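Colleague: quick one, what's the 3D model for this:
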Amino acid sequence: MAWRQGGGGCIPAQLKLKLEPDQLNVFFPLLQKGVTVPATVGCTLKSLLCDQFAIPADYVTDRVTTIFLDNRPVDDLEHTIIQDGSRVTLSAAMPGLVGATMRRGGFYAALRQGISHVMDSGTAAGASGTVRLKLFNLLLAELGPLILVRGLILEQSELAELLQNFPCQPIDTMKPADRVLLAVTFGE
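Modeller: Next up, the predicted model:
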């Protein structure tokens, strides 16, 4: 495990971790609960996922079958605009009628017309902000590393709770900060 710290001022302190691949599952509860990630807002949901989070477009089309924006199911990724503070939830196929109903572009999508996300004009493109991201089921292991290498903005309490899962906890050497930008890479 390697640690590196930086940052100061209004920018959150920065912490970089390098972990073994088998330690990814430690982050699953955090990713399911939702993590705050820095993002350029005012873009389309497709741009956020493919351009910023580096998720291949065919993966988004084929594997990410259920997407929620601000707790509303989304069908049109190319016209849905991301706002500062938006909540994005991603899931692979879910079982049953509820899964079929929430599936993007699915046969039963018409049944949820009243609760689906309605597109809006939104913030000017290119503005800096954050997005709250949640991952579920198979996407935890498949997309978790892409999100973690990009960086998560964690409150000190979230970081302290996370670090309890690792034997080496150099958090005491960090300057106190309200928030920390944690970037994690996995490798040998």
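Colleague: where does the chain have low pLDDT?
Modeller: Scanning the chain for pLDDT under 70 picks out 1-11, 93-125, 167-177, 188.
Colleague: now do the strands in the chain.
Modeller: Taking DSSP state E to define them, one finds strands in the chain at 2-8, 11-19, 35-41, 66-69, 72-73, 87-91, 127-135, 152-155, 179-186.
Colleague: okay if I get these as TSV plus mean neighbour count?
Modeller: Every C-beta, even on glycine, is put in place using the N, C-alpha and C of the backbone. Formatted as TSV, the strands of the chain follow (neighbours: other CB atoms under 10 Å):
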stretch	mean neighbour count
strand 2-8	12
strand 11-19	17
strand 35-41	20
strand 66-69	22
strand 72-73	18
strand 87-91	21
strand 127-135	18
strand 152-155	19
strand 179-186	19
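Colleague: quick one: which of these is nearest F28?
Modeller: Closest to F28 of these, according to CB to CB: strand 127-135, at 8.4 Å.
Colleague: which ones are touching the most centrally placed residue in the chain?
Modeller: With distances taken as CA atoms, centre = their mean, the residue of the chain nearest its centroid is L133 (3.3 Å). Applying CB atoms under 8 Å, 6 or more residues apart in numbering to L133 gives the contacts L31, G34, V35, T36, V37, R87, V88, T89, L90, I147.
Colleague: skipping adjacent residues, who's closest to L135 in space?
Modeller: Among residues not flanking L135 along the chain, L31 sits closest, at 4.6 Å (CB to CB, 6 or more residues apart in numbering).
Colleague: give the contact list for that neighbour.
Modeller: The contact partners of L31, taken as CB under 8 Å, 6+ apart, are L133, K134, L135, L140, G144, I147.
Colleague: can you give me the neighbour number for N71?
Modeller: Neighbour count of N71, defined by other CB atoms under 10 Å: 9.
Colleague: surely it and S86 touch.
Modeller: No - using CB atoms under 8 Å, N71 is not in contact with S86, being 10.4 Å away.
Colleague: coming back round to it: let's have the strands of the chain in CSV, adding distance to I55.
Modeller: Putting these into CSV (distance: least, CB to CB, whole Å) gives the following:
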stretch, distance to I55
strand 2-8, 26
strand 11-19, 21
strand 35-41, 13
strand 66-69, 11
strand 72-73, 19
strand 87-91, 9
strand 127-135, 11
strand 152-155, 16
strand 179-186, 17
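Colleague: would you point out the most distant pair within the contacts of L133?
Modeller: T36 and L90 (15.2 Å).
Colleague: how far away is L140 from K46?
Modeller: Plainly put, L140 is 21 Å away from K46 if you go by CB to CB, to the nearest Å.
Colleague: between the two, which has more neighbouring residues?
Modeller: L140 (21 against 18).
Colleague: who's in contact with the more buried one?
Modeller: F28, L31, Q32.
Colleague: swap in E142?
Modeller: So E142 contacts R63 (CB under 8 Å, 6+ apart).
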